[in-house]
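Novice: Got a predicted structure here, sequence first:
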Amino acid sequence: MANNIIRIILINLAIIGLFFTVIYYGSMEVTAFQLARRRKNKNKPNTEARIAKQGVGFNPSNIYFTVNYDCQNTDVEIRGIVPKGIYWSLVAYDKYTMPLNSYLFDKTIKKDEEDRYIAYLTTKPKGRSNEIDVSASPKGLVLIRSSFPENPDRVVKAVPQVRAIPQN
């Protein structure tokens, strides 16, 4: 009798665990779908960087630019200026808004004497300087963050240039 009760309890716990897992991952998929739809309506992939004025985790002391990218058939080139400030980064995110393992920040990016950079998003890394491997998520969002820039007005005016380039 006690064994039957324990077995029934364990089966019910397994069903409940499975139910919550399905609900959790299902809600993540719905959220990812909604985010992708919102991004799709704002700007076309591989064409432009836009300044972000609000969002989850938004810090008004930072200046954010977003770039929708699609590297399924092309690479993406981003040209800009690393502003002077406390911190700067260029990070690619997947459809769940989780950062990819490949990213650039102010201490690792190669730039010229005028602080200009060229970064590449690719699914087929070639060993170029400032290359970000997005093969884990060929479509996603890049966030360019300037934390506490010395000259915020200059950062806002220096919108990064984005273009698709052929994959070699």
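Specialist: That came through, no problem.
Novice: Excluding residues flanking it in the chain, which one is nearest the spatially most central residue of the chain?
Specialist: Computing the C-alpha centroid of the chain and ranking residues by CA atoms, centre = their mean puts Y93 first, at 2.2 Å. Distances taken as CB to CB, 6 or more residues apart in numbering put L141 closest to Y93, at 4.9 Å, once the chain neighbours are dropped. For the C-beta atoms, the positions are set from N, CA and C on the backbone; glycine is no exception.
Novice: N73 too?
Specialist: Nearest to N73 is Q167, by CB to CB, 6+ apart, at 7.1 Å.
Novice: The one you found: neighbour count?
Specialist: By other CB atoms under 10 Å, the residues close to Q167 number 13.
Novice: if we can go back for a sec, and the residue nearest to Y93, how far from Y64?
Specialist: Using CB to CB, to the nearest Å, L141 is found at 11 Å from Y64.
Novice: which outside residues touch stretch 70-78?
Specialist: With contacts defined as CB atoms under 8 Å, 6 or more residues apart in numbering, stretch 70-78 is touched by 45-46, 49, 67, 69, 90, 118-124, 134, 138-139, 142, 144, 160-167.
Novice: Lovely, talk soon.
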